[in-house]
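Sequence and predicted structure are below.
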Amino acid sequence: MTIQDLGAIGELLGSIAVLATLVYLALQTRQNTVAIAAQLDAARLNSVQEFNLAAATSTELLETLNGDRVEPITIEQARLGHYWSARFFHLAWTFLQLRRGVPILSSEARMAVRVVSYFNDFRSVEAWWEEHGRRMPVEFVEWVEEQRAKAA
């Protein structure tokens, strides 16, 4: 085996190593992109959830917001509406993270049981869903409707 043969083998091994490195970096970039998107979604969800929970737990804020409504509702209705907004935004975020492949501590099966139980156990959910549910991500709305149809 000559020096030229060894050089050719070295070039072949080097090119394979470069290709393997590029594939590895592409996978790492994709994983980082998913992680950043999850962090941004979590920050958005947290702010929406904090707003809705603050409104749901502050009688003064509810009275102020309700006094500004074109058609005022009872404080209890406003409180329930904000509570269900916070719950469903959290479910939508969890659902989207699962669909993206981000590892979280829930599963679609557990979420499906939770969603069905909300509609079966609480009268206020149906009214909230009819008024506000359509504002959720389309994929999540379709999934919720599918779970409700399965349970019926």
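Here it is on my side, so go on.

Run through the protein and note the low-pLDDT ranges.
Within the chain, no stretch has pLDDT under 70.

Longest helix of it, counting residues only.
Using DSSP state H, we find that the single longest helix of the chain is helix 3-57.

And that helix, what does it pack against?
Applying 3 or more CB pairs under 8 Å, 6 or more residues apart in numbering; DSSP states H and E, one finds that helix 3-57 contacts helix 59-67, helix 75-100. Glycine gets a C-beta too; all of them are placed from N, C-alpha and C.

angle of that helix against helix 75-100?
Relative orientation of helix 3-57 versus helix 75-100 (axes from the mean of the first three to the mean of the last three CA atoms, to 10 degrees): 170 degrees.

Pull up the gap between residue 117 and residue 141, please.
18 Å (CB to CB, to the nearest Å).

Oops, could you answer that again for residue 93 instead?
Distance from residue 93 to residue 141, by CB to CB: 14 Å.

ok, now which ones touch the closest residue to residue 52 other than its chain neighbours?
Spatial nearest neighbour of residue 52, chain neighbours left out: residue 86 (3.9 Å); criterion: CB to CB, 6 or more residues apart in numbering. Residue 86 is in contact with 48, 49, 52, 53, 56, counting by CB atoms under 8 Å, 6 or more residues apart in numbering.

Could you find the closest non-adjacent residue to the spatially most central residue of the chain?
Centroid-nearest residue in the chain: residue 93, 1.5 Å away (criterion: CA atoms, centre = their mean). Leaving aside its sequence neighbours, residue 93 sits nearest to residue 45 (CB to CB, 6+ apart; 4.3 Å).

Roughly how far does the one you found sit from residue 95?
Taking CB to CB, one finds residue 45 at 11 Å from residue 95.

With neighbour numbers in mind, choose between the two.
Using other CB atoms under 10 Å as the criterion, residue 45 and residue 95 rank with residue 95 on top: 22 against 18.

element containing residue 114?
Element membership for residue 114, per DSSP states H and E: helix 108-121.

counting contacts, what elements does that helix pack onto?
Using 3+ CB pairs under 8 Å, 6+ apart, helix 108-121 sits against helix 75-100, helix 123-132, helix 138-151.

now, of those, which is deepest in the fold?
helix 75-100 (a mean of 19; mean count of other CB atoms under 10 Å).

distance between the ends of stretch 96-115?
Taking CA to CA, to the nearest Å, stretch 96-115 runs 15 Å from one end to the other.
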